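Enquirer: Provide a 3D model corresponding to the input given below.
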Amino acid sequence: MLLRYALTLRAPFLIASCFAIGHALAQAPPPDGNCSWLISKSDIIMTVCEVSWTWKSDTTVNISHNGLVCVNTCQGKKHFLHTQCDDSCDKTCTRSHNSTIRPFWLIDGERAPFDELEDSLRKFGVGEEARHLYQNIAHATYAKIGAAEYIQDPKNFMTFQFGHWNKSPCSYAEKYYTDRRYRATLVYKLRRYTTMPDGSTLTTDGPSSNGYVNLWVPIKGSFTDDRPQIACACSIVKEGTDFGLLKDEHGNETGVACVHDGTTKLLGGAELKDIGLTFEGHSLSRFTVSVKNKPPHCERIIIPAGFEYVCADGSAQDVLQVQDMTIEFPGGSNFGYIASVDPFIDFAGWARSQTDVRTLCLNMRKPSPRPGKPFFLSMPRDPGTLRLARLTRDARFGGPWDQVRLWLYTDRASMDEMGKILIPGPSPRVYLRELHTLVKERLIDLDPKADAKIVDDRLLVAAYPDEEALEWYVSWKLQHQQAATLKFVRSAGKALAEHFKEGKPEDAAAGAMALVAALAKHGGDEGTSAALELLGDKALEPYRGALMADNRAGMLFGCLTRTSDAGLAGKLLDLAEAHPSVSAAWACLNVDPALPEAVRTRAEKLAARVLPPSGGGS
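Expert: Just a heads-up that it's a prediction; the model follows:
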């Protein structure tokens, strides 16, 4: 049993503790447990939040992973039919298919668990302090439930090494594995203990609220094979008839389709030849699509996002279509037509000879498409680019960041390499956000050595970063390059100070404190120490007030609840005394009991100066 803390009022009626109850299952989740947090304390009244959590397995999900895709990329122009293809017309997969999959955990719901806890605190009379305390309590609890330690334990990892297994030419084959979800239900129960004149204790129960955490764990050995998916460009080039089909997001067959009287027919290679589709490139992101002949009994042709336009002579970049493109034949005429990305516009009586279609380039190191270069239509030749095309299509907004994301996937391109081609080049903020998107979609695995040019330290000090992306990146850097990362962070004050000169102080402070919070959350005592050194940098001195006013400072002070290092605790208390706040005072009220008595006494005095003694109740 781990003693969380021992509290005595006039009568020693409560000992609050944090302990765990083990599971006896193979590949079990973290243990169930409970802990208590002080909200306020006086001689006769103490307000406490008592938390318990229970883990249960509730579902399994089949997961795709880019490391489990074996791609034989078709080069096109070799054979008349795909059935004649062999390994002479494709680029055989060279991936090692060797990777390690780790568990991960997520808070279930963006705001709901926090909102419930804040509401409970207010109902129990805590007052305006509730808007700070609910985050401190929730995040301190997350550090206790065992999920963070669980995902770092190698025995919970799953490693695979398959080599090249797909022997089917011009195709890709996928394996899937299964994730088991463990769901923790957290119950926050508020109580107030009052010592009565006769020495007895009056217990007042307050409201309860719930929170949830999901832990996704790969089931070892749970690999299944999908049949190879044809991704052949030969039959289109050579006018063949077996142009392959795709699966859409729901597992249904899809492809280039003709719509007539509400009926959809998927078109083969010979039919597409008869239509006479032509593709002309103008830039990285703009192509013109033309059609020579209207197919019989066809009102509309649809080409879904994910298809590729391949440069026939290989001298320019191939491109990825990132919109569902519709070609309308208005009024039943064989002559007039219009191509559009919006199939719901009424085109009756309106015709023109060409239209623009949005594309992204697939080969960063080749020249850009330009007029006069012949292109032909190809099926998606990589399931990853197909997924990225659909992600781009479905996004609320599009922009140059879509190309950044694709080149990260296809070329493993660095921020500087992209900056030589894209104008303007990607900022650290954009590059980090798109890198994180690929990781979330399980489309990229980062290797510290092979991807050294990608995992750039400058991403750590990106201006106005996406907070989720930054937290993931700090966590990854600390796992793989801890010493170098902490060395960089300690001297990053000057870079962060520049952001205060470029925009609003509160926005610059939010970005800097997001880095500080991530270091404190994922870096243990060493990460917290580095965060303190960063905040003490002379370059940040003019902005320290704005930094410490940011609510993420609570994550830094929260380290007092779990560190037993007296020197580190002393530095945190120095900062708390210089910048007193509710979050700092709450952490002082709940310092780790393993700290020396002098440190705990100092912390308790600081808490008493800031927090109301009775928690707002009586």
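Enquirer: count of residues packed around residue 273?
Expert: Number of residues near residue 273 (other Cβ atoms under 10 Å) recorded here: 18. Where C-beta positions appear, they are placed from N, C-alpha and C, glycine not excepted.
Enquirer: again, but for residue 266
Expert: Counted with other Cβ under 10 Å, residue 266 comes out at 15.
Enquirer: what's the answer for residue 597, then?
Expert: Neighbour number of residue 597 under other Cβ under 10 Å is 7.
Enquirer: what residues are up against it?
Expert: Applying Cβ atoms under 8 Å, 6 or more residues apart in numbering to residue 597 gives no contacts.
Enquirer: go on, residue 118?
Expert: Residues near residue 118 by Cβ under 8 Å, 6+ apart: 130-131, 134.
Enquirer: right, and out of the residues you listed, which lies closest to residue 192?
Expert: residue 130 (14.6 Å; Cβ to Cβ).
Enquirer: now the nearest residue to that closest one once chain neighbours are set aside: how far from residue 593?
Expert: Closest residue to residue 130 apart from its sequence neighbours, by Cβ to Cβ, 6 or more residues apart in numbering: residue 121 at 3.8 Å. Computed as Cβ to Cβ, to the nearest Å, the residue 121 to residue 593 distance reads 24 Å.
Enquirer: same question, residue 499
Expert: From residue 499 to residue 593 the distance is 39 Å (Cβ to Cβ).
Enquirer: So the two - more neighbours on which side?
Expert: Between residue 499 and residue 593, residue 499 has the larger neighbour count (other Cβ under 10 Å), namely 21 against 14.
Enquirer: any idea how far residue 409 is from the more buried one?
Expert: Between residue 499 and residue 409 the computed distance is 29 Å (Cβ to Cβ).
Enquirer: same deal with residue 99?
Expert: Taken as Cβ to Cβ, the span from residue 99 to residue 409 is 15 Å.
Enquirer: Which one's more surrounded, the two?
Expert: residue 409 (23 against 17).
Enquirer: who's in contact with the more buried one?
Expert: For residue 409, the contact set (Cβ under 8 Å, 6+ apart) comprises 384-385, 388, 438, 443-444.
Enquirer: mind running it again at 10 Å?
Expert: Residues in contact with residue 409, defined by Cβ atoms under 10 Å, 6 or more residues apart in numbering, are 66, 362, 382, 384-385, 387-388, 434-435, 437-438, 441, 443-444.
Enquirer: Likewise for residue 261?
Expert: 297, 299.
Enquirer: Residue 53 too?
Expert: So residue 53 contacts 20, 30-35, 141-142, 144-147, 184-188, 211-213 (Cβ under 10 Å, 6+ apart).
Enquirer: where's stretch 361-381 relative to the chain centroid, distance-wise?
Expert: Centre-to-centre, stretch 361-381 and its host chain are 30 Å apart (Cα atoms, centre = their mean, to the nearest Å).
Enquirer: Residue 212 - that's part of a strand, no?
Expert: Yes. Under DSSP: H, G, I helix; E, B strand; the rest coil, residue 212 sits within a strand.
Enquirer: Tell me how many other residues surround it.
Expert: For residue 212, the count of nearby residues is 15 (other Cβ under 10 Å).
Enquirer: Grab the nearest non-local neighbour of residue 319.
Expert: Using Cβ to Cβ, 6+ apart and skipping the chain neighbours, the partner closest in space to residue 319 is residue 359 (4.1 Å).
Enquirer: and the one you found, what are its phi and psi?
Expert: For residue 359, the backbone dihedrals (degrees, to the nearest 10) come out as phi -140, psi 170.
Enquirer: Likewise for residue 426?
Expert: Backbone geometry at residue 426, expressed as degrees, to the nearest 10, gives phi -70, psi 140.
Enquirer: Check which residues of the longest strand seen in the chain are buried.
Expert: Ranked by residue count and defined by DSSP state E, the top strand of the chain is strand 171-195. Buried residues in strand 171-195, counting neighbours by 16 or more other Cβ atoms under 10 Å, are found at 171-175, 177-184, 186, 188-195.
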